[in-house]
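S.K.: the sequence isn't on hand, but the structure is:
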DNA sequence: TTTTTCATCGGAAACGTTTGCACATATTAT
DNA sequence: ATAATATGTGCAAACGTTTCCGATGAAAAA
């Protein structure tokens, strides 16, 4: 790899000292406009690119932020990362993207690796297996800027961005009830997750408000194996205590539900109605029947995470990230999976 | 940000010189086993983490590789990145991931930024707008390790990983013909793309072999706006010269086709049969009717890219990346969108 | 005994920046 | 006239590693 000219060579070419050239390129007030012009044009001519590591070493910042997500093949997380990139790229920041694959051990390894300062901050959504959060508290206690989104850690006093999980769970359930459902199942990834807790609370409160009592056997906790999830749901559908409505708290379980229904004699929405948190609108309307969705503002969530961090990292003396939860509401789009025509 | 102890402090604690400690931690033969043990245990006790920038500056390598893709919300590219990460993570490498959003200007900016050595190598799939490749040739001529996958640049003499685009296009088209199609449309993102060229050649040859003549008006070049694509396809379907089969060269256009068909009175597969390059098997079988797919080995392609680079970067004196195209075959899965029962 | 070798370790340079400080020269105030 | 102040630039240290080159002492060979 032929690395180009460095500051010293550029300075030699200009018959100036490296310090002057550095200051000129950084637009320091101490340098005359004349030399600034000369330096800049010569830098362009020789295509000078400052060495990022020398700069990072000296300034103790990397212009890089790490994004840690549970999986890549998810329209929600893809859009969040797109939103983050949209902002950070404007500030010249780079994105290290890691997937934990819903594995807490991988998450710990990644977080521990990040502790050496390779990134200036972390934006993350925890894995569904994460219950011990010592790796995250340690990070935060060291003063490492950390922002959570979607799947958050309430115990860590920093800024979190979520959607209105409780209300969405509540409204989604209420919608099912209004469509005549009396036995509504709740599908989740893990009981530990902040999103399942909040969405579940909304679900329970909607049931209560309608005078319905929750039935434990209608709660299904899923795993990472799609086939296994499909079979769990199918068993529920084929069982004696079959639900007439399903609220899926994550995208992939809605798809598993459609697969499961295909294995039964049931029809959506006549026999069973489905609503799900879902970010891929194009797919939602192509499913048969089209899926009623609670659409999280994924791109927007990413943007907000990034904006907050950019403010913290690019302004001189910023305070710590405040301990608060910022909620950006979802939209419910009613489609055929909950409406009998 | 409270950065932990550094080498000098660790050395002071041990009453040793930094050089000795460094060598001990790097398992140098010059250091006795006794002191190695002492150093390692003290390093663990103080949780010493070497500064990655100091190391990168000194060694002139970053243990980071950049991945440049046209879009994130694509099961194909998500899986490729997963495959890359699977390998690189084993070697302690980090991944900078950039999306060009199919925009060649963004692609150029990203590539130019990468020229400063922030990453040790680049794995990329070019945007659909890329015809001028000067930014990539410049990169390659500087000796920067560069690997292409899927959407490749034939003119740049380096290693490329693709699937058997020609054969898949050929076989896909042949399958449609065998199912009785006589007027087969070809959907593409851009005529410039390597994948459309190869897949189109396969399509043409299959037509020729069947004695069918290609009709230019059956080729549709799409854009980035989904709605616009849907309407282009709908017009084709509603027009006087309506095809009875469609080969879509990319995933998103298959979805657009399903949307378009929904806006017509046509039925799949009776009136129109569809086959597409497609990586999301779960979705393919959920579409109505389920979609016949040509499935690219996305994860595997990512793995192979990464393996090649890891060999080049971690072994001492490796030759340049050879100028060759490595093909990993796709699988055709026949589903309902091409079979009339 | 003297010389060589070997096993361990330390000093210092180097990687490419940024920046505190000093130092000229020119301008203004006294 | 001299002294004070801008204005523009250079020197050198620092960031935290790795590694070249010596240095030391002990063991082996002469």
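M.R.: On my side now, so go ahead. In this text the structure is predicted, and so the values were computed from the model without any measurement. Numbering: from 1, shown residues only, chains lettered A, B, ... in the order given.

S.K.: from here on, just use CA atoms for contacts and neighbour counts.
M.R.: Fine.

S.K.: residue A:191 in helix, strand or coil?
M.R.: Classification of residue A:191 using DSSP: H, G, I helix; E, B strand; the rest coil returns coil.

S.K.: residue A:95 is in what secondary structure piece?
M.R.: Residue A:95 is part of strand A:94-99, with elements assigned from DSSP states H and E.

S.K.: report the angle between that strand and strand B:94-99.
M.R.: 110 degrees (axes from the mean of the first three to the mean of the last three CA atoms, to 10 degrees).

S.K.: show residues contacting strand A:94-99.
M.R.: Strand A:94-99 is contacted from outside by A:63-72, A:85, A:88, A:110, A:119, B:82, B:94-98, using CA atoms under 8 Å, 6 or more residues apart in numbering or on different chains.

S.K.: switch to 7 Å and redo it
M.R.: With contact meaning CA atoms under 7 Å, 6 or more residues apart in numbering or on different chains, strand A:94-99 is reached by A:63-72, B:95-97.

S.K.: which of these fall within helices?
M.R.: Counting by DSSP state H, those place none of their members in helices.

S.K.: quickly list what residue A:248 is bridged to.
M.R.: The partner list for residue A:248 in beta bridges (DSSP bridges) reads residue A:187, residue A:276.

S.K.: which element, helix or strand, includes whichever residue of the stretch 51-200 of chain A sits closest to DNA strand D?
M.R.: Using CA to the nearest atom of the strand, the closest approach of the stretch 51-200 of chain A to DNA strand D is made by residue A:58 at 3.4 Å. Residue A:58 belongs to helix A:52-59 when assigned by DSSP H and E.

S.K.: before we move on, the earlier item: so how far is residue A:11 from the residue of the stretch 51-200 of chain A closest to DNA strand D?
M.R.: Distance, residue A:58 to residue A:11, using CA to CA, to the nearest Å: 19 Å.

S.K.: which one of those two has more residues nearby?
M.R.: residue A:11 (20 against 11; other CA atoms under 10 Å in any protein chain shown).

S.K.: list the contacts for that one?
M.R.: A:17-18, A:21.

S.K.: most neighbours, which of those?
M.R.: residue A:21 (26 neighbours).

S.K.: what stretches of the stretch 51-200 of chain A score poorly on pLDDT?
M.R.: Across the stretch 51-200 of chain A, nothing is flagged by pLDDT under 70.

S.K.: just the strands in the stretch 201-341 of chain A please.
M.R.: A:219-221, A:245-248, A:273-277, A:292-295, A:325-327, A:331-333 (DSSP state E, counting those that start in this stretch).

S.K.: ranked by average pLDDT, which of the ones you listed falls at the bottom?
M.R.: Least confident of the strands of the stretch 201-341 of chain A, judged by mean pLDDT, is strand A:219-221 with a mean of 92.

S.K.: and for that one, what's in contact with it?
M.R.: For strand A:219-221, using CA under 7 Å, 6+ apart, the contacting residues are A:185-190.

S.K.: name the strands paired with that strand and say parallel or antiparallel.
M.R.: strand A:184-188 (parallel).

S.K.: and the angle for the strand it pairs with with strand A:273-277?
M.R.: 30 degrees.

S.K.: can you list contacts of strand A:184-188?
M.R.: Contacts for strand A:184-188 (CA under 7 Å, 6+ apart): A:196, A:218-222, A:243-250, A:253.

S.K.: state the helix or strand in which residue A:27 lies.
M.R.: Going by DSSP H and E, residue A:27 is not in any helix or strand.

S.K.: give me the neighbour count for it.
M.R.: 14.

S.K.: one more: residue A:288?
M.R.: 16.

S.K.: got it, and the one 10 residues further on?
M.R.: Summarising burial for residue A:298: neighbours were counted as other CA under 10 Å, giving 25.

S.K.: show me the contacts for it.
M.R.: Per CA under 7 Å, 6+ apart, neighbours of residue A:298: A:76, A:79-80.

S.K.: could you measure the residue of the stretch 51-200 of chain A closest to DNA strand D against DNA strand C, distance?
M.R.: 5 Å (CA to the nearest atom of the strand, to the nearest Å).

S.K.: with adjacent residues omitted, what lies nearest to residue A:61?
M.R.: Spatial nearest neighbour of residue A:61, excluding adjacent residues (CA to CA, 6 or more residues apart in numbering or on different chains): residue A:120 at 6.1 Å.

S.K.: surely that neighbour and residue A:65 touch.
M.R.: Yes: Residue A:120 sits in contact with residue A:65 when judged by CA atoms under 7 Å, with a separation of 5.5 Å.

S.K.: who's more crowded, the two?
M.R.: Using other CA under 10 Å, the more surrounded residue of residue A:120 and residue A:65 is residue A:65, with 27 against 22.

S.K.: show me what the more buried one bridges to in the sheet.
M.R.: Residues in beta-bridge contact with residue A:65 (DSSP bridges): residue A:95, residue A:121.

S.K.: hmm, residue A:122 and it touching each other?
M.R.: Yes: if you go by CA under 7 Å, residue A:65 and residue A:122 touch, sitting 5.9 Å apart.

S.K.: those helices in the stretch 1-150 of chain A, which residues are they?
M.R.: A:7-14, A:18-25, A:33-45, A:52-59, A:75-88, A:104-114, A:134-141 (DSSP state H, counting those that start in this stretch).

S.K.: winner for burial among the ones you listed?
M.R.: helix A:75-88 (a mean of 23; mean count of other CA atoms under 10 Å in any protein chain shown).

S.K.: what residues does the stretch 51-200 of chain A have near chain B?
M.R.: By the rule CA under 7 Å from any CA of the partner chain, the part of the stretch 51-200 of chain A lying against chain B is A:51-54, A:56-57, A:72-73, A:75, A:78-79, A:95-97, A:116, A:118, A:142-144.
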